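**Q** could you look at this predicted model? Sequence included:
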Amino acid sequence: MGVLTATPGRAEAQDPRLVEIVELLHRNEAFEALAQAVAMDPTNAFFLSELGLAQALAGQPGKALDNYRRAHRLGAVQADDPSMRAIDARALRGMGKAARAGRS
């Protein structure tokens, strides 16, 4: 089973390893999987936020900020969903960190 199942308009993590990849800083594999997920489902706030995290950890605060902002916009639209509120909160924290990193 792969890490990601994706069709146009819908991407799903099939393996919790996707998040672990980011946390362990396996950047190439994480970027590839997350970029594919975002390309296949550009309205998936979770994957946008995770891509932002991978970019922030790789020292790309500008790109991270862009993806965190996209995730936040999607989270704000779906604020009645508790899981979206959590993703939105993470995106907002990431935006703050990326903005500070971009200024230093």
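**A** Perfect, thanks for sending it. Residues are numbered from 1 along each chain as shown.
**Q** any regions of the protein where pLDDT drops low?
**A** Along the chain, the model assigns pLDDT under 70 to residues 1-7, 9, 11-27, 79, 104.
**Q** where do the helices of the chain begin and end?
**A** If DSSP state H is used as the criterion, the helices of the chain fall at 17-23, 27-40, 45-57, 61-77, 82-103.
**Q** ranking those by burial, who's on top?
**A** Neighbour counts averaged per stretch over these are highest for helix 45-57, at a mean of 25; criterion: mean count of other Cβ atoms under 10 Å. C-betas here are computed from N, CA, C, even on glycine.
**Q** which neighbouring elements make contact with it?
**A** When contacts are defined as 3 or more Cβ pairs under 8 Å, 6 or more residues apart in numbering; DSSP states H and E, helix 45-57 packs onto helix 17-23, helix 27-40, helix 61-77, helix 82-103.
**Q** quick check: Arg85 vs Ala98, distance?
**A** Per Cβ to Cβ, to the nearest Å, Arg85 is found 20 Å from Ala98.
**Q** same question but for Ala56, I mixed them up
**A** 5 Å.
**Q** indicate which one of the helices of the chain is closest to Pro8.
**A** If you check each of these against Pro8 by Cβ to Cβ, helix 27-40 wins as the nearest, at 6.0 Å.
**Q** output the helices of the chain in CSV, with distance to Pro8 appended to each entry.
**A** Formatted as CSV, the entries for the helices of the chain read as follows, by distance: least, Cβ to Cβ, whole Å:
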stretch, distance to Pro8
helix 17-23, 19
helix 27-40, 6
helix 45-57, 14
helix 61-77, 17
helix 82-103, 21
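**Q** please consider this matter closed, and thank you.
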